[in-house]
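Peer 1: quick one, what's the 3D model for this:
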Amino acid sequence: MPHSNRRAALALTLLATAAGLTGFSAHAQAWPSKPVTLTVGSAAGSAPDIYARVIAEQLQRQTGGVFVVDNKPGANGNLAAETVLRTAADGHTLLIGTQSQMTINPSAYSNLRWKASDFRPLVKGVESPMVLVTHPTVGAKNFAELKSWIARHKGQAQYASFSPGTPSHFLGYQLNERLQADMVHIPYKGSSPQVTDLMAGQVPLGFTQMAVAVPQIQAGKLVPIAVTGAQRASALAQVPTLAELGLGDLTASVWFGVFAPAGVPRPVSDAILSALRKAHSEAAVRAKLEAQSFEVPDESGAAFEKNLAAETAKWARVVKATGFRAND
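Peer 2: Below you'll find the predicted structure:
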């Protein structure tokens, strides 16, 4: 090829590369170019919903875009996951994934209509222990008194979970086994309806979300017995951990995070991740989330993805040990 032609070809290549980089940059910076939906797999007022609304408000303020929360309760978040995957993979429909949905459902549901690889983990937004509570009419002020009450109601007592196949369910199951109590499991579609029935005395006890339970505990409508974290919770500093009560193997926490469909172009998901990291680092946002009894971990991207895989393997062992199979 003549020297002049080679120079012309090189110039065209450089122009094409520059155009591609410009397009790449514009692609990333275009988010959001229309309203963004944060899809939550539980009812309004539930703990994941509370988190989603705090983050939506901050992202709207931060980006100038419009952010809405869409509640799709059902099948422990599976309905929400399916809804997100039916939309265009352009970064404008995101999933608020929960620990149980993302790490337990793959083992618990035999006919799951989505898989973990369908989503890209972006940010673990918040995490929190759960709290074992009772209705005041139970009359138990501590774990020893609750054990006595359960023993007197063997085969009749019930425990509520915020959904089958969640840590709330499995901790109840394990406690039931430990006490040989023959308690009946009453599952709900989210922490909000679970706590509503606990407050009404429809179900006497259950493991539930701190964000929803703490205001009711402070109002005297629920009685805290134990928290499930490795340490006592600052919002309930007087309440012992399960480990302090000799039930350290029941220690567990729950988390919620943000996931994008795997088909979202990487530049767009990188732009979303950057916005989410900034949102979670804001002091005012952290204060709002901590006021709801959430902890705000600094975990995102590859680190989040790695820990997600480890947790999924852990819960697969629990599901196998309990023999639990979810109804589709």
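Peer 1: return the residues in contact with residue 41.
Peer 2: With Cβ atoms under 8 Å, 6 or more residues apart in numbering as the criterion, the residues that contact residue 41 are 48, 72-74, 76-81, 95-96, 98, 101. The C-beta positions use only the backbone N, C-alpha and C, and glycine is treated the same way.
Peer 1: so, low pLDDT: which residues of the stretch 51-200 of the chain?
Peer 2: Along the stretch 51-200 of the chain, the model assigns pLDDT under 70 to no residue.
Peer 1: that one: helices as residue ranges?
Peer 2: Under the criterion DSSP state H, counting those that start in this stretch, helices of the stretch 51-200 of the chain are mapped to 78-85, 99, 105-108, 143-152, 167-179, 191-200.
Peer 1: tell me the most packed of the contacts of residue 41, by neighbour count.
Peer 2: Neighbour tally across the contacts of residue 41 (other Cβ atoms under 10 Å): the maximum, 32 neighbours, falls on residue 48.
Peer 1: list the buried residues of whichever helix or strand that residue is part of.
Peer 2: Assigned by DSSP states H and E, residue 48 belongs to helix 47-63. Buried residues in helix 47-63, counted by 16 or more other Cβ atoms under 10 Å: 47-56, 58-60, 63.
Peer 1: ok, back up a step: for the helices of the stretch 51-200 of the chain, give me CSV that also has distance to residue 271.
Peer 2: What follows is the helices of the stretch 51-200 of the chain, written out as CSV (distance: least, Cβ to Cβ, whole Å):
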stretch, distance to residue 271
helix 78-85, 18
helix 99, 26
helix 105-108, 28
helix 143-152, 48
helix 167-179, 32
helix 191-200, 32
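Peer 1: so which of those helices is nearest residue 327?
Peer 2: Closest approach to residue 327 among these is made by helix 105-108 (9.9 Å; Cβ to Cβ).
Peer 1: where do the strands of this structure begin and end?
Peer 2: Here the chain has its strands, by DSSP state E, at 36-40, 67-71, 93-98, 119-134, 158-161, 184-187, 205-209, 223-227, 253-261, 299-300.
Peer 1: export these as TSV, with columns for distance to residue 242.
Peer 2: TSV is the format used below for these (distance: least, Cβ to Cβ, whole Å):
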stretch	distance to residue 242
strand 36-40	28
strand 67-71	31
strand 93-98	21
strand 119-134	8
strand 158-161	14
strand 184-187	18
strand 205-209	10
strand 223-227	5
strand 253-261	12
strand 299-300	24
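Peer 1: of those, which is nearest residue 105?
Peer 2: strand 93-98 (9.4 Å).
Peer 1: adjacent strands (with direction) for that closest one?
Peer 2: strand 36-40 (parallel), strand 253-261 (antiparallel) (DSSP bridges).
Peer 1: so who does residue 46 touch?
Peer 2: Contacts of residue 46 by Cβ under 8 Å, 6+ apart are 40, 73, 162, 190, 191, 192, 209, 212.
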